[in-house]
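Any chance you could fold what I've pasted below:
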Amino acid sequence: MLAARPHAGCGRGDQVLCCPHAGESVGEPRWWDWALTDHLRNLGSREREKPVVVKVEVVEVNGGTVSPGGAGEGSWIYAWVTRPEGQVLYVGSTSLAPSERAHLHLHHPSPAVARIATLRPSALSEDFVVVAVPVDEGIERTAAKLSAISLLGAGALLGPNYVGPLPTATAARPESSDAATALVCAVRHVINKP
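Below is the predicted model:
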C-alpha cells in the first residue's frame, strides 16, 4: 500500500490514500474520490460554488510489474512519478484503463507504445507510482495533457530526467484546466510537496 501525506495546506495530518478534505478514508487503496475545491482555487481554476470531486487512480509499478487497477477504460491523463524521489518522469493521456496503459508503456514490443521502457530502459527495474485522473466528456485529452504538463512544469514538479512532451506557454486551455489541475493536485498529494 502506498502511504501518502496531504501536502501543505490540507492540515489533516498523515493519511493513507484518502481525500484530505473528505474527512474519511475510502477502503480501496488505489482509488479514491478527492474533493478539490480549495486546491482548484489555489491553482487558479475557475471558481466553484460546490466541491469538485475527482476520481483518482493510483497504480504502483515495482520493478516492471504493474499492480492491477480499479478503473476501467475512459478518457484519462496520467503522470509517472519516480519512487522514492517523487519526481514526475512522464505525463500522458489514454483511453485505456491506467493500469493497462502503464503495462503497455513497459512491455509492448513497439517502441512507440512502450514509451517509458524506450525512453528510460532502466524503468523495468525501477519503482513508480502512476497517478491518473479522468478527463470530462467533451474535453480533448491531448489539450488536458498539455495543460497538465505546463502546470507541472510551472510548479517545478517535472523531474530532471523527465522524458515526456515539454511544457509550453501556450498549452494551457481553460476548458482542460480542471483535469490538468486535478492531476497536479493528485501528484502533489502523492509526493507530499506543497
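
Which strand or helix spans residue 90?
strand 88-94 (DSSP states H and E).

Helix or strand next in line after that strand, which one?
That would be, after strand 88-94 and using DSSP H and E, helix 98-107.

same for that next one, what does it pack against?
strand 53-62, strand 65-66, strand 76-83, strand 88-94, helix 115-119, strand 127-134 (3 or more Cβ pairs under 8 Å, 6 or more residues apart in numbering; DSSP states H and E). In this view, the C-beta of every residue, glycine as well, is placed from N, C-alpha and C.

again, only using 6 Å
Packing contacts for helix 98-107, counted by 3 or more Cβ pairs under 6 Å, 6 or more residues apart in numbering; DSSP states H and E, involve strand 53-62, strand 65-66, helix 115-119.

what's the most buried one of the ones you listed?
Ranked by mean neighbour count under mean count of other Cβ atoms under 10 Å, these are led by strand 53-62, which reaches a mean of 21.

What strands line up against it, and which way round?
When pairing is defined by DSSP bridges, strand 53-62 lines up against strand 31-35 (antiparallel), strand 65-66 (antiparallel), strand 127-134 (antiparallel).

can you pull the buried residues of stretch 80-89?
Buried residues in stretch 80-89, counted by 16 or more other Cβ atoms under 10 Å: 80, 81, 82, 83, 86, 87, 88, 89.

Give me the pLDDT for the nearest residue to residue 118 once chain neighbours are set aside.
Nearest residue to residue 118, sequence neighbours excluded (Cβ to Cβ, 6 or more residues apart in numbering): residue 111, at 4.2 Å. Listed pLDDT for residue 111 reads 96.

and residue 129, which of the helices and strands packed on helix 98-107 is closest to it?
Among the helices and strands packed on helix 98-107, the nearest to residue 129 by Cβ to Cβ is strand 53-62 (6.0 Å).

CA atoms only for the helix or strand hosting residue 186, dumped as CSV, please.
Using DSSP H and E, residue 186 sits within helix 177-191. C-alpha atoms of helix 177-191 as CSV (Å, rounded to 0.1, in the frame of the first residue of the first chain):
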residue,chain,number,x,y,z
SER,A,177,-7.8,23.1,-16.7
ASP,A,178,-10.0,21.1,-14.3
ALA,A,179,-8.5,17.7,-15.3
ALA,A,180,-5.0,19.2,-15.5
THR,A,181,-5.3,20.9,-12.1
ALA,A,182,-6.7,17.8,-10.6
LEU,A,183,-3.7,15.8,-11.8
VAL,A,184,-1.3,18.4,-10.4
CYS,A,185,-3.1,18.3,-7.0
ALA,A,186,-3.0,14.4,-7.0
VAL,A,187,0.7,14.4,-7.9
ARG,A,188,1.4,16.9,-5.1
HIS,A,189,-0.6,14.8,-2.7
VAL,A,190,1.2,11.6,-3.6
ILE,A,191,4.7,13.1,-3.3
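
Thank you, goodbye.
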